[in-house]
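> how would this look folded up:
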Amino acid sequence: MASATSRLGARLLRGRLCRPCIPLARPANGSTAASRWYSKASGVPSELAETGIISPLKTYNVTKADAKPVLSDHHEMSFDDKKVLIPWEEGKTSHFQHIWLRDHCQCSECRHPETKQRLLNTFSIPKSVMPEALTPSEEGLTIKWKNGHESSFSWRWLHLHSYSPRLERYFSPQFQLWGSEIRESPPEVEYESVMASDKGVAQWVAKIYKYGFCYVNGIPVTPEATEKLIERIAFIRPTHYGGFWDFTADLSKKDTAYTNLALGVHTDTTYFSEPAGLQMFHLLEHHSGSGGESILVDGFRAAKLLREEDPKAYKTLSNVRIPAHASGNEDSSIQPYAPFPVLNHHPVNGELYQIRWNNDDRGTMDRWDDLDEVENFYEAIRVWNSILTREGTEYLEQLKPGRAVIFDNWRVLHGRTKFTGVRRMCGAYINMDDYKSRLRTLCSNRKDLLRSL
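This next block holds a predicted model:
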């Protein structure tokens with residue numbers, strides 16, 4: 001490294017300009033804190049703190065691996081003709097290539113201060129781009145490039161976006177898994193609170209995130225009020241069913257949801273390339289009959305049980321791709337661009353992020369690797385179904401006018417018992433990305449959100 005270090009880098013090393021000591025304030029107990037470069041953590045908005053749910057930007061358990069952006073006391077910051085090296089107290093050294101740092105400049109000339117979009121012409125950056133000077137400070141690092149441009153990066157931003165090595169670790173998302181016992185204390189909010197302020201919406205979406213579903217009490221028993229309620233999260237996603245639905249069991253749409261038949265638990269819109277994110281149901285009326293209890297199942301809990309009890313079945317349902325379609329209406333035959341498995345995992349961190357299961361909408365499966373895969377699949381879905389329907393897994397609740405339920409369609413499976421009489425229901429879908437956007441903006445500190453981009 002020494003031979004590759006630039007003359008400026010050598011001066012930095014010789015002069016020890018890379019790490020002036022800035023002491024922390026004296027702790028209340030009277031002890032003296034060690035000198036550190038540090039960045040204060042931003043607070044969590046009160047709207048989120050009141051729910052007891054951590055920020056969706058920090059959806060992982062805090063452990064020692066979540067080291068703060070503190071520079072090492074024992075190693076020096078340096079750079080060579082290709083990269084800047086930043087040693088951290090946690091024992092790791094981040095390698096940031098010059099072209100990457102120049103491309104990610106945060107100044108107003110390179111990144112629009114309002115839209116947060118890149119203004120810099122990436123392709124104008126010379127292949128041999130090099131710093132002219134490095135200036136560290138308490139807040140972060142300023143780089144003066146040879147063309148005179150300056151880029152500043154906070155230590156916290158550099159630590160967060162370190163890519164060689166990645167400084168993040170694998171942790172479990174902060175979901176509350178549940179079974180039928182959730183009936184004792186289900187998540188709920190009040191309509192007036194949600195409609196009155198964004199604080200109420202923050203509490204609502206945070207509960208949806210944590211539990212996968214939430215009730216809303218005190219809704220005026222009208223489709224208009226229900227539509228305004230769901231639009232507090234985001235705009236409604238239109239489908240071949242329309243935008244906002246107001247329906248009875250009249251088969252006006254050729255789907256068994258428009259009948260009085262019992263429906264096994266499932267996720268909706270498995271036949272879309274991207275299934276609906278959130279789904280709301282509000283029972284407006286039910287008279288001259290009985291039945292029609294709603295059934296909810298925590299799909300993430302069910303998948304956890306499947307993985308523990310039958311790893312082979314879990315693997316099968318994570319790999320075998322299932323065709324799906326919606327072809328009951330004469331004017332449509334909706335199919336995803338490719339078949340998807342039941343259990344879908346994040347391509348980067350491996351987390352289970354989506355359940356796609358609707359046996360009724362399953363198409364013809366005629367693409368198999370071998371005959372054994374057919375047998376394995378039918379055995380796997382048999383085990384899966386037994387977990388979904390076992391005692392302690394299904395949560396049954398009779399919906400009532402004035403009390404709506406909204407749930408994460410990528411996590412929570414739903415169904416109903418058969419019913420008699422006249423039953424009128426309304427509701428709608430919301431895109432997952434729009435819901436997650438609302439969750440982030442309401443339940444995260446704005447500075448942390450922008451820093452994560």
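
> Which strands or helices does the helix or strand where residue 158 lies pack on?
Taking DSSP states H and E as the definition, residue 158 sits inside helix 155-160. Judged by 3 or more CB pairs under 8 Å, 6 or more residues apart in numbering; DSSP states H and E, helix 155-160 is in contact with strand 93-97, strand 140-145, helix 446-451. C-beta here means a position set from N, CA and C on the backbone, and glycine is covered the same way.

> comparing those, which gets the lowest mean pLDDT score?
Among these, helix 446-451 has the lowest mean pLDDT, at a mean of 84.

> Could you give me the buried positions within it?
448, 449, 451 (16 or more other CB atoms under 10 Å).

> just curious, which of those is nearest to residue 151?
residue 451 (15.3 Å; CB to CB).

> Return the residue spatially closest to the closest one, with its sequence-adjacent residues excluded.
residue 157 (5.5 Å; CB to CB, 6 or more residues apart in numbering).

> repeat for residue 291
Distance criterion CB to CB, 6+ apart; nearest residue to residue 291, sequence neighbours excluded, is residue 419 at 3.5 Å.

> Same question for residue 379.
Per CB to CB, 6+ apart, closest to residue 379 is residue 313, 6.8 Å.

> Quick check, residue 250 in contact with residue 258.
Yes: if you go by CB atoms under 8 Å, residue 250 and residue 258 touch, sitting 6.3 Å apart.

> average pLDDT for the helix holding residue 158?
The predicted model assigns helix 155-160 a mean pLDDT of 92.

> Helices of the protein, start to end?
Remark: helices assigned in the chain by DSSP state H are 7-15, 46-49, 98-103, 155-160, 191-196, 198-211, 223-230, 299-309, 311-319, 371-389, 432-443, 446-451.

> Need the residues that contact the third one.
Same thing as helix 98-103. Applying CB atoms under 8 Å, 6 or more residues apart in numbering, the external contacts of helix 98-103 come out as 79, 82-84, 120, 122, 125, 127, 129-131, 143, 145, 151, 153, 163.

> what's the neighbour count on the closest residue to residue 75 other than its chain neighbours?
Nearest non-adjacent residue to residue 75, counting by CB to CB, 6+ apart: residue 87, 3.7 Å away. Counted with other CB atoms under 10 Å, the neighbours of residue 87 add up to 19.

> Touching, residue 87 and residue 93? I think so.
Yes: in this structure, residue 87 is within contact of residue 93 by CB under 8 Å, at 4.5 Å.

> Common neighbours of those two, please.
Here residue 87 and residue 93 have residue 75 as joint contacts, going by CB under 8 Å, 6+ apart.

> in the sheet, who's paired with the closest residue to residue 186 other than its chain neighbours?
Leaving out its chain neighbours, the residue that sits closest to residue 186 by CB to CB, 6+ apart is residue 215, at 6.0 Å. Judged by DSSP bridges, the bridge partners of residue 215 are residue 188, residue 405.

> distance of residue 215 from residue 340?
30 Å (CB to CB, to the nearest Å).

> give me every residue that touches the nearest residue to residue 283 once chain neighbours are set aside.
Once flanking residues are discounted, residue 283 sits nearest to residue 399: 4.1 Å by CB to CB, 6+ apart. For residue 399, the contact set (CB under 8 Å, 6+ apart) comprises 281, 282, 283, 292, 294, 405.

> rewinding a little: so the residue nearest to residue 451 touches residue 141, yeah?
No: with contact defined as CB under 8 Å, residue 157 does not reach residue 141; the gap is 9.5 Å.

> Tell me which of these two has more neighbours.
Remark: of residue 157 and residue 141, residue 141 carries more neighbours, 23 against 20, as counted by other CB under 10 Å.

> Would you confirm that that one contacts residue 153?
Yes: between residue 141 and residue 153 there is a contact at 5.3 Å, judged by CB under 8 Å.

> ok, the closest residue to residue 403 other than its chain neighbours - contacts?
Nearest non-adjacent residue to residue 403, counting by CB to CB, 6+ apart: residue 217, 5.4 Å away. Residues near residue 217 by CB under 8 Å, 6+ apart: 188, 189, 190, 191, 402, 403.

> ok, these vs residue 433, which is closest?
Residue 433 has its nearest neighbour among those in residue 189, at 22.4 Å by CB to CB.
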